[in-house]
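[1] 3D, please:
(chains A, B, C and D)
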2 protein chains.
Amino acid sequence: MASGSTSADHGLSGKTKRFHQLSNDESKRFKEKREQILEGALRAFLGQGYAASMDTIAQEAGVAKQTLYSYYKDKKSLLSALIDRLLDRFVTAGMSPEILTMDPQPFLRKIAQITLSRMDDWEYVSLLRLIIAESAKFPELGELYVTKLIRPGIQKLATYISANEKLSFADPEATARIIHGSLIHFIVVQEILYGKHSMPLARERMINALVDMVLFASEKGKESR
Amino acid sequence: MASGSTSADHGLSGKTKRFHQLSNDESKRFKEKREQILEGALRAFLGQGYAASMDTIAQEAGVAKQTLYSYYKDKKSLLSALIDRLLDRFVTAGMSPEILTMDPQPFLRKIAQITLSRMDDWEYVSLLRLIIAESAKFPELGELYVTKLIRPGIQKLATYISANEKLSFADPEATARIIHGSLIHFIVVQEILYGKHSMPLARERMINALVDMVLFASEKGKESR
DNA sequence: CAGGTGTTAGACTAATTAGTATGATTTCTC
DNA sequence: GAGAAATCATACTAATTAGTCTAACACCTG
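    As a prediction, the model looks like this:
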């Protein structure tokens, strides 16, 4: 397979309507149009959810509606493809290897800062909302998000915690979940549920409280074996 | 105002179509029908989201569609009323006063257990999803959830933390948010995003890790003044 | 039981929308 | 520049849906 996507074919998999292409599967023109479509789908879906109409998407992409259907078999396939692509984008923007060599204090700070910085990213916030919203109708979306973003993130964090001899926790995985969950939930409440208006709280306070809590707990955990 | 709802009138507020009612505003018959409607709306909205059709809701409630519109001015008002009612239900099921007198260790355990027990409550999980899903279209829903459920919960937790001399945290409010957020996010990932399949984790491990973390951190915090 | 109110079933409107069909136009390839 | 493929604009379909209307029916009160 060409791009980063691990699995899942969206739409016209087997019997493509496009036949006369060069031996290398993806002509430049093809890739550009597909990009254009996904860009339009991004604006439409992230802005209006799955309720965005195919006409809107086509207009947003600057493309005829018919073209959408020659690239993706139906609306659902288009959504899947978009989410797949967006998740890939956020995966690669995840923990870089050099962070993993840091000491716990700066490491935790950095992780928390990076995570909360996504509050400013309209695409991330909208994607999160979209996935939660549509996971009832399309459970695959939830699964995709969990296996592509959350699980690897928790995994890396848990590995760091158990590998770093300066930290001591009885259950690194659960600890990783607490750290990660408290941050993501903060984003959900502040940005998606508009908590920033009715219960504002500075990011820095969350970061400080979390870092302190983890470090203090670890030190005490060390003492009590 | 009659029932528990704090504010917000849903639908037919000013010029009601119903005039000839007894001097006490709500006849028994009226209340029963309204209850019946909300019960149907509950099943429909929580099952299918806002996409549930008014015909479905009427059928689910065992009531003529016209009746819906004589109790609520439109679909949105019905949804608001339902969510209002559901939130009230969960508010009263919140922290009881006697818990607040417990020692930190059992207190934290209890809080965590109660919070996570909502994973088994289909209504709670569906409500959470619905609110997050529709908060883009109807920001009031998000605000309602935040101000009715989250803010008071955080408030009580933070008050306990700062009032209990056995606990020591520099920022009780942020600490309360970490505790609460990590638990709710666990519910979101496991239940709404189907993480229970692809990254299962026993509730007990979350509870233990969280309680340990908080207690250890507090002790260390006490030492370092 | 008479009069009035609430409720019902069903038809109806007006709008929206996923997906298809078609024929003209553009763009690429040779 | 000819031929072929991709893309376009547009119209069409079949289905769904919020909200309204009407006329029959049920139920309570006096």
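
[2] show me the contacts for A:R109.
    A:207, A:211 (CB atoms under 8 Å, 6 or more residues apart in numbering or on different chains). The way it works is simple: take the backbone N, C-alpha and C, and place the C-beta from them, glycine included.

[3] I'd like the distance between it and DNA strand C.
    44 Å (CB to the nearest atom of the strand, to the nearest Å).

[4] I'd like the mean pLDDT over stretch A:162-171, please.
    Average pLDDT, stretch A:162-171: 96.

[5] in chain A, which helix or strand is least confident?
    Here the helix or strand of chain A ranked lowest by mean pLDDT, DSSP states H and E is helix A:28-48, holding a mean of 91.

[6] I'd like to check what contacts that helix. Which residues are they?
    Residues from elsewhere that reach helix A:28-48, judged by CB under 8 Å, 6+ apart: A:18, A:21, A:52, A:56-63, A:67-68, A:71-72, A:78-79, A:81-82, A:85-86, A:122-123, A:126-127, A:130, B:136.

[7] Could you do stretch A:163-178 as well?
    Counting by CB under 8 Å, 6+ apart, A:103-104, A:154-155, A:157-159, A:161-162, A:214, A:217-219, A:221-222, B:178, B:182, B:186, B:201, B:205-206, B:208-210, B:212-213 sit against stretch A:163-178.

[8] same thing with stretch A:144-156?
    By CB under 8 Å, 6+ apart, stretch A:144-156 touches A:6, A:8, A:83-84, A:87-88, A:90-91, A:94-95, A:100, A:131, A:135, A:173, A:176-177, A:180, B:189, B:193-195, B:198-199.

[9] So which of these belong to helices?
    A:83-84, A:87-88, A:90-91, A:131, A:173, A:176-177, A:180, B:195, B:198 (DSSP state H).

[10] got a markdown table for those, with neighbour count and distance to DNA strand D too?
    Converted to a markdown table, these look like this (neighbours: other CB atoms under 10 Å in any protein chain shown; distance: CB to the nearest atom of the strand, whole Å):
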| residue | neighbour count | distance to DNA strand D |
| --- | --- | --- |
| A:I83 | 25 | 22 |
| A:D84 | 21 | 20 |
| A:L87 | 21 | 25 |
| A:D88 | 16 | 23 |
| A:F90 | 18 | 28 |
| A:V91 | 14 | 28 |
| A:I131 | 22 | 23 |
| A:E173 | 20 | 42 |
| A:A176 | 22 | 42 |
| A:R177 | 27 | 38 |
| A:H180 | 21 | 37 |
| B:G195 | 24 | 29 |
| B:S198 | 15 | 31 |
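
[11] Quick check: which ranges of chain A have low pLDDT?
    A:1-27, A:29, A:225 (pLDDT under 70).

[12] one more time with 90
    Applying pLDDT under 90 to chain A flags residues A:1-33, A:91-97, A:220-225.

[13] A:V125: which element?
    helix A:122-134 (DSSP states H and E).

[14] and that helix, what other elements does it pack with?
    If you count contacts as 3 or more CB pairs under 8 Å, 6 or more residues apart in numbering or on different chains; DSSP states H and E, helix A:122-134 packs onto helix A:28-48, helix A:75-92, helix A:139-145, helix A:172-187, helix B:122-134.

[15] For the ones you listed, give me a markdown table that also has distance to B:E35.
    Formatted as a markdown table, these follow (distance: least, CB to CB, whole Å):
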| stretch | distance to B:E35 |
| --- | --- |
| helix A:28-48 | 34 |
| helix A:75-92 | 37 |
| helix A:139-145 | 32 |
| helix A:172-187 | 33 |
| helix B:122-134 | 15 |
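
[16] closest one to DNA strand C among those?
    helix A:75-92 (3.6 Å; CB to the nearest atom of the strand).

[17] Is any residue of the closest one near DNA strand C?
    Yes. Helix A:75-92 reaches DNA strand C (CB under 7 Å from any atom of the strand) through A:75-76.

[18] For that helix, which helices and strands make contact with it?
    Where contact means 3+ CB pairs under 8 Å, 6+ apart, helix A:75-92 is packed against helix A:28-48, helix A:122-134, helix A:139-145.

[19] From the chain's centroid, how far away is the last one?
    Just to be clear, that refers to helix A:139-145. 11 Å (CA atoms, centre = their mean, to the nearest Å).

[20] got it, and the first one?
    Using CA atoms, centre = their mean, we find the averaged C-alpha position of helix A:28-48 to lie 18 Å away from the chain's own average C-alpha position.

[21] Also stretch A:89-105?
    Computed by CA atoms, centre = their mean, the chain-centroid distance of stretch A:89-105 equals 15 Å.

[22] Check the separation of the first and last residues in that stretch.
    Stretch A:89-105 has an end-to-end distance of 27 Å (criterion: CA to CA, to the nearest Å).

[23] in what helix or strand does the closest residue to A:L100 other than its chain neighbours lie?
    Among residues not flanking A:L100 along the chain, A:Y160 sits closest, at 5.8 Å (CB to CB, 6 or more residues apart in numbering or on different chains). For A:Y160, the host element (DSSP H and E) is helix A:151-163.

[24] Can you point out the buried residues in that helix?
    Going by neighbour count (16 or more other CB atoms under 10 Å in any protein chain shown), the buried part of helix A:151-163 is A:153-154, A:156-158, A:160-162.

[25] Now flag whichever of these is closest to DNA strand C.
    A:G153 (32.5 Å).

[26] So the closest one versus A:P104, what's the distance?
    Distance, A:G153 to A:P104, by CB to CB, to the nearest Å: 17 Å.

[27] Most tightly packed of the helices and strands packed on helix A:122-134?
    Comparing the helices and strands packed on helix A:122-134 by mean neighbour count (mean count of other CB atoms under 10 Å in any protein chain shown), helix A:172-187 comes out on top with a mean of 24.
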